[in-house]
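Undergrad: just need the structure, nothing else, for what follows:
(2 chains)
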Amino acid sequence: MSRYILMRVLLSIPLLVIISFLTFVLYNLTPSNPAEFVLQAQGVPVITSGLIAETEKALGLDQPFFLRYLKWFISCLQLDFGSSYVTSQPVWSLLGPALLNTFKLTIVSITAIIAVSLLLGIICALRQGRMLDTSVRGIAFLMTSTPSYCLAALLIWYFSVKLDLLPTSGMDSYASYVLPASVITISYAGIYFRIIRSSIISNLNEDYVLYGRACGLSGYTITLHLLRNSLHTALSVFGMAIPVILGSTVVVENLFAWPGLGTLSVRAILSRDFPVIQAYVLVLAAAFVLFNTLSDIMSVMLNPKLRKDL
Amino acid sequence: MLRNRTIMITTIILAMALLAGCSGGSAAESKTVNKVQELVYATSKDINDMNPHLYGGSMPAQGMVYESLVENTQEGIKPLLAESWDISEDGRIYTFHLKKNVKFHDGEPFNADAVTRNIEAVQSNAAKHSWIKLSTKIKSVRAVSEYDVQLELTEPYYPALLELAMTRPYVFLSPKDFENGGTKDGVRGYNGTGPYKLAEHKTDQYAVFEANEHYWGGTPKVKKVTAKVLPAGETTFLALQKGEVNFIFTDDRGADSIDVEAMKQLADTGDYQIVTSEPMNTKLIVANSSKAGSPVQEKAVREALWYSIDRDTIREQIVQGTETTANTLFSTNVNYANVELKQRDYNLDTAGKLLEQAGWTLDAGTGIRSKSGHKLIMKLYYDANSSSQKTQAEFIQSTAKQIGISLELAGEESSSIAKRRASGDYDLLFNQTWGLAYDPQSTISAFTSEASYYHTTRDIIRAGELYKKIDEVMVSRDEAVRKSLYADILQIVHDEALFIPITNGRVTVVAPRSLNGISFKQTQFELPFEQMYFK
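TA: Residues are numbered from 1 along each chain as shown, chains lettered A, B, ... in the order given. Presented below is the predicted three-dimensional model:
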C-alpha cells in the first residue's frame, strides 16, 4: 500500500515537469516576439524596434531557450513565478489572493454540491422510477443544461435587483457567496447526483442487499450499508470536482466580479500577461495532479477490492 | 400519498413565487441612487499600477490623482500647476512660474525641485516615451528658483505645451514616492497634487478616491469616487438598476460600457441621465499605399471604396446614434482641422464610374472587377474583439460588392493589427485617430513613423512633400504658417483617400439625474469629477 502511494506521488513529478515545459513552449511558440507582448501588456503606446531590443535584454529574452526554461523552472519551484508584465507586482502576490478567493468559493460550492448531490442521489435511488425521481431528474437536466451566465443573470436579477436580498457582485460579505455558489452548485449538483444515484441503484441489486433483507435488517441499516459502498464512487467523483471547479469558475467569477483565479486568468489572457498565465496553468495543473493522486489513494484505502491488484 | 401532496404543494408555491417575481414589470427602484453623495463607477479592469510615468494604469483614475503644468481646454492651453510661462525668442526655452502653496497628497511641497525631479525621471526612461515627441526634444530641465523651472529643448517644438498637458507622462508625483531616485523601477506610493487621492485599493475589486481637502482649486464637492471592477456588462446593468453602481462612462473603444439599449432603459427610469461629449476621435479605415501588387495602391480604388461606404446607415443602425458621421480624417473641433475638403458622400454610381475610368472592368460572371488580369480583391482587417467593427466590416463588404470590389474580411487581435500596421502587411485595416488632446499633431506625426502609418503614406506621389510639411509644422512658430501647413497636409491625405473616415467617437456618461456639472475634458481618457456636484 505504501509502495503504491509512493509510486503515485513520484509519478506526478515528471507529469508536472512535462506540463511546465509545455506551458513554457506554448508561450515561445506564439508568432510575435515575447518582448512585444511585454510592451503591449504595459500599455506602451508606440512599440519601436529599439524598445523591443531593450526589453529583450532587460528580461533576458535574448538568452537561449533552454537556459531561460531552466531558470524559470527553478524559480517556479521556489514559488517565484516572476513579475506581472502589467502591474510589475510579483505574480505570486496576485495569484495567491486570487487562488484563496477561488478556493473559498469552491469550498462553499463543493460543500453545497456534496449535500445536494447526496440528498437527491439517495432520494432518487430509493424512489427509482417514481414521480419524484423523474421530476428531480427532469429539473436537474433543465438546470445543468442552462448556461451559467443565463442562470447567473437570472439569479442576480431576481434575488438582488428585484427582491433586494443579496449583492449583485463582489466579495464584500458572507452574503456575496450565496449567488455565485448557487450557480456553481446548480450547474454541478445535477451531474453528480446522477452518479450517486446510479451507484446506489447498482448496489441495490447486489446480493448483500438481498441477503440483508432476507435476514430482516431494517431499511435504515440497509441504506447505511448501501451508502458506505456507494461512497467509493462518490469520493473519487467529488475529489476531482474540486480542481474541476477551481478551473471552471471563469464565467461565474466574471459575472459576479469575484476576484479569483477565473477573473485573473481572463485579465491576464486579454492583456497577454504571460508570467501570470503560466503560473495559472501550472497551479491548476498541480491541483489536478494533486487531487487525482489523492482521490486514487483514498479509493484504494477505502476499497479492499482495489488493494488486491496492488 | 401524503408525501406526494406535500411535494405538489411545494412545487406550486415555488412556481407562484417565481411568477410573482417575473410579474410587476418595472426594473427595481434605484433606491440608493438619489440619496448618495458619492460616485461609484463601473470599470471592466482594475486601476492597475498608478505610476504616472508608465502606461499600465487606468487613465481616468490617474487623471483624478495627478496634474500637469498646463491644461488643454476648448479655449486652448490654460495654466494648471504652472501659473504662467514664458517662451524664449528662439522657441527653445520654456520658463514655467509655478503656483505657490500647492502640496502633494503626502504633504510634500510642490516646487521647482519636484518638477525637475519628475521630468528627469520621465526622461531617464526615454525609450518608453518615444511616442511623445517632446521626450525626444527635451535637452535639460532645471530649477531657476523655488517656483521657477526652465525647460530647454533641442529645437523649437510647437506642440510642447499640448504634450505637457497630457494625462501622462509629464505629470507630478511626490519625490518621496520615488524608487531608486526615479520612477522607472516602480514607485512607493501614489501621491499627486490632484483633486482626489487614492485612499484604498483592492486589486480586481475596487479603488476608493477621496476628495483632497487641501486641493489648491478648492475641495471637490463629490467627496468620494469609487472605481468598482465589474468585468461583465450584464452585471454592470443590473448593479446600476440596484444602485450599487451609479455612474458609467465609455472610453474611446467603447469599453467600460453597457449597450445603447440598456443605457436608454436606465434613462427611462427617470433616475439616470445620459450625457454625451463632442466628437473625440475618428474611427476609420486605413488604406495602404505601399502594398505591392495590391489594388489598394491605386488612388481611384481607395476613392471608390470611400464612396461605397454608407456611413449614415452605419451611424444609425450599427452604432445606434452614439457616434456621428465622419467625412474627414479629423472632426472640425480638432485644432487646425477646420479645413474645406471635398465631401465624398455615399454614392455607388460615382464609385463605379471612378473604377471604370481607372480601367477596372466588371466581370458579369463573378461580379468582381479586374484590370490587366488582376482582380479587385482586397483584405480588410478588423479587431476580432470589437463586435461593432465586425458588423461594420460586413456591411462595407456588402456595399463594396455592389460596385465590383471584393473585400475579404479578417478578424485579428488588436496587437496583431498594430503589428500589420507597423510592418505594412495589409491592404486595409480598421483604426482610429489618437484623439482630441493628441490631434492633429500625434496622428500626423505618425504618418512618418515606421511603427505607425509610414507604410500607409509612403507610396503616394506627394509623399516627399507631405513629410517635408510635417517636419516644418512641428517646428513652426508662426500660427498662420502652421494653419496653412496643416491645411496642406490634410488636403494631401484627403485627396489621396488614405484614411477613409467612418464615424466620430464620443464619450457617453450615464449618471444620476441629480448630478450636475458633468462636463468633459479635451480627451476621451479622463473626466473632471471635481467639477461634479449633487443638487
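Undergrad: okay, now the unreliable bits of the stretch 201-310 of chain A?
TA: Regions of the stretch 201-310 of chain A meeting the criterion pLDDT under 70 cover residues A:306-310.
Undergrad: what does it put close to chain B?
TA: Contact residues, the stretch 201-310 of chain A versus chain B (C-beta under 8 Å from any C-beta of the partner chain): A:N254, A:L255, A:F256, A:A257, A:P259, A:T263, A:L264, A:V266, A:R267, A:R272. Just so you know, the C-beta spots here come from the backbone N, C-alpha and C atoms, and that holds for glycine as well.
Undergrad: between all of these, which two are separated the most?
TA: A:F256 and A:R272 (24.8 Å; C-beta to C-beta).
Undergrad: quick one, which of the residues of the stretch 201-310 of chain A next to chain B are buried?
TA: Buried by 16 or more other C-beta atoms under 10 Å in any protein chain shown: A:N254, A:L255, A:F256, A:A257, A:P259, A:T263, A:L264, A:R267, A:R272, out of those.
Undergrad: surely B:E465 is within a helix?
TA: Yes. Checked against DSSP: H, G, I helix; E, B strand; the rest coil, B:E465 lies within a helix.
Undergrad: which non-adjacent residue is nearest it?
TA: Closest residue in space to B:E465, ignoring its immediate chain neighbours: B:I492 at 7.0 Å, by C-beta to C-beta, 6 or more residues apart in numbering or on different chains.
Undergrad: nearest spatial neighbour of residue 122, skipping sequence neighbours?
TA: Answering for chain A, as no chain was given. Excluding the flanking residues, the one nearest A:I122 by C-beta to C-beta, 6+ apart is A:I200, at 6.5 Å.
Undergrad: ah, I was thinking of chain B
TA: B:P169 (4.7 Å).
Undergrad: ok, the one you found touching B:S130?
TA: No. B:P169 is beyond contact range of B:S130, at 11.4 Å (criterion: C-beta atoms under 8 Å).
Undergrad: quick one, which of those two is more surrounded?
TA: B:P169 (26 against 18; other C-beta atoms under 10 Å in any protein chain shown).
Undergrad: ok, the more buried one to chain A distance?
TA: Distance of B:P169 to chain A, computed by C-beta to the nearest C-beta, to the nearest Å: 10 Å.
Undergrad: relative to B:G63, how far out is that residue?
TA: Here the criterion is C-beta to C-beta, to the nearest Å. By it, B:P169 lies 13 Å from B:G63.
Undergrad: could you do B:L164 as well?
TA: 15 Å.
Undergrad: which element is the closest residue to B:L428 other than its chain neighbours on?
TA: Nearest-residue entry for B:L428: B:L380, 4.4 Å, with adjacent residues in sequence omitted and distances by C-beta to C-beta, 6+ apart. Assigned by DSSP states H and E, B:L380 belongs to strand B:377-383.
Undergrad: that strand packs against which elements?
TA: With contacts taken as 3 or more C-beta pairs under 8 Å, 6 or more residues apart in numbering or on different chains; DSSP states H and E, strand B:377-383 sits against helix B:387-401, strand B:406-412, helix B:414-423, strand B:428-432.
Undergrad: kindly recompute the last result at 6 Å.
TA: helix B:387-401, strand B:406-412, strand B:428-432 (3 or more C-beta pairs under 6 Å, 6 or more residues apart in numbering or on different chains; DSSP states H and E).
Undergrad: direction included, what does the shortest one pair against?
TA: Using DSSP bridges, strand B:428-432 pairs in its sheet with strand B:281-287 (antiparallel), strand B:377-383 (parallel).
Undergrad: what distance separates that strand from the centre of its chain?
TA: 15 Å (C-alpha atoms, centre = their mean, to the nearest Å).
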